[in-house]
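Engineer: Pasting a predicted model and its sequence here:
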Amino acid sequence: MATFRKIWSPNLLVGWLTEHLMRLTKHHGLGNDFVIALEEVNGPLHGDATLARSLCDRRRGLGADGFIIGSRPEAGTTAPNGRPIDVVMRLWNADGSRAEMSGNGIRCLGQALAMARDDHEATYAVHTDGGFRELVVHDDAAHRLATVSVTMGLVGDGPAIPKAVSERLAGDRHATADLGNPHIVILVADLSSVDLVGTGSWIESQFDAGINVEFIAVGSEADSLDLLVWERGAGVTEACGTGATAAAMLAHQWGLVGREVRVVMPGGSAEVIVASGPDEEPVLIGPSQHIATIEIPDA
């Protein structure tokens, strides 16, 4: 018993935990929430599907739509504009699958980086699996609420639409787009009639690599859209930044809105400045709210 007390004395236990803690922050962008770990705070980090599912579990974990690791870039890594990369974004959905990009998630990462560096007005270069993105972060004095603008990359055509999906959506205008991750945007007359879970999950399942599904309707105000989203790997979420951007781009092409679009989602609204040409990137502007800072044993 003497040996047991020596090994597991409170002071030794506290010392062990102090040496093996992972520091995380949790944020949400319009209700779309993320757990974030930065290597510049923690040192080298290993992320995988199991860890993501564990952290994102809303009953047995911290609860989130996604898990993000902000990795240190390799020395000398630069963006296409020559700016040194500040951080590399690695993103897992709540189900453990990898995602190339998240418009809400990258804003939350920007705020996490601003907190770690105690920046309040900053520009960051971020490398994602969907390409380079530039963030401009305006964080308040207490690092509680930030406004972040994101260059969203060049928008391309999305994947081909399977015949079964085209047939099911024959009465609604629809198209796909690629923002580093795939989207299908569906224009409907009334969002209240949409079976978001049933139809969204079915459409996602018809694409080999999955797809984010956005249902949109023209908003009550000029240059506004109302949007509901079924996110690949996460299901129903309160907002989707890449989805809002895809929706604004396609709605503009369809002649429904101008170049400055307010996209209203259940979690709140974001602004999208639509690209004016094929070589210009759209810009997404929206909030990131810091929820909590958490330390957990690093297994």
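Structural biologist: Ah, there it is.

Engineer: For stretch 77-86, give me every contacting residue.
Structural biologist: Taking contacts as Cβ atoms under 8 Å, 6 or more residues apart in numbering, the residues outside stretch 77-86 that touch it are 73, 76, 113, 124-127, 132, 134. No exception for glycine: its C-beta is placed from N, CA and C like everyone else's.

Engineer: what's the spacing between stretch 146-153 and its chain's center?
Structural biologist: Relative to its parent chain, stretch 146-153 has a centroid offset of 11 Å by Cα atoms, centre = their mean, to the nearest Å.

Engineer: What of stretch 89-104?
Structural biologist: Taking the mean C-alpha point of stretch 89-104 and that of its whole chain, the gap between them comes to 7 Å (Cα atoms, centre = their mean).

Engineer: Am I right that residue 35 sits in a helix?
Structural biologist: No. Inclusion of residue 35 in a helix is not indicated when DSSP: H, G, I helix; E, B strand; the rest coil is applied; the result is strand.

Engineer: Check whether the closest residue to it other than its chain neighbours sits in a helix, strand or coil.
Structural biologist: Excluding the flanking residues, the one nearest residue 35 by Cβ to Cβ, 6 or more residues apart in numbering is residue 64, at 4.5 Å. Going by three-state DSSP, the secondary structure assigned to residue 64 is coil.

Engineer: before we move on, the earlier item: select from the contacts of stretch 77-86 the entry with the lowest predicted confidence.
Structural biologist: The member of these with the lowest model confidence is residue 76, at 85 (criterion: pLDDT).

Engineer: From residue 139, how far out is it?
Structural biologist: If you measure residue 76 against residue 139 using Cβ to Cβ, to the nearest Å, the figure is 28 Å.

Engineer: the more surrounded of these two?
Structural biologist: The residue with more neighbours, out of residue 76 and residue 139, is residue 139; 23 against 7, by other Cβ atoms under 10 Å.

Engineer: Can you give me the neighbour number for the residue nearest to the more buried one when sequence neighbours are not counted?
Structural biologist: Nearest-residue entry for residue 139: residue 146, 4.0 Å, with adjacent residues in sequence omitted and distances by Cβ to Cβ, 6+ apart. Each residue near residue 146 was counted by other Cβ under 10 Å, and the total is 27.

Engineer: Can you tell me the element residue 146 falls in?
Structural biologist: Element membership for residue 146 (DSSP states H and E) is strand 145-151.

Engineer: other SSEs contacting the lengthiest strand in the chain?
Structural biologist: Identified as the longest strand of the chain according to DSSP state E is strand 283-297. Applying 3 or more Cβ pairs under 8 Å, 6 or more residues apart in numbering; DSSP states H and E, one finds that strand 283-297 makes contact with strand 21-29, helix 103-117, strand 145-151, helix 241-253, strand 268-273.

Engineer: Tell me the buried residues in it?
Structural biologist: Residues 283-291, 296 are the ones in strand 283-297 that count as buried (16 or more other Cβ atoms under 10 Å).

Engineer: would you turn these into TSV with pLDDT and distance to residue 93?
Structural biologist: Putting the buried residues of strand 283-297 into TSV (pLDDT from 0 to 100; distance: Cβ to Cβ, whole Å) gives the following:
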residue	pLDDT	distance to residue 93
283	98	24
284	98	19
285	98	24
286	98	20
287	98	21
288	98	18
289	98	20
290	98	21
291	98	19
296	91	20
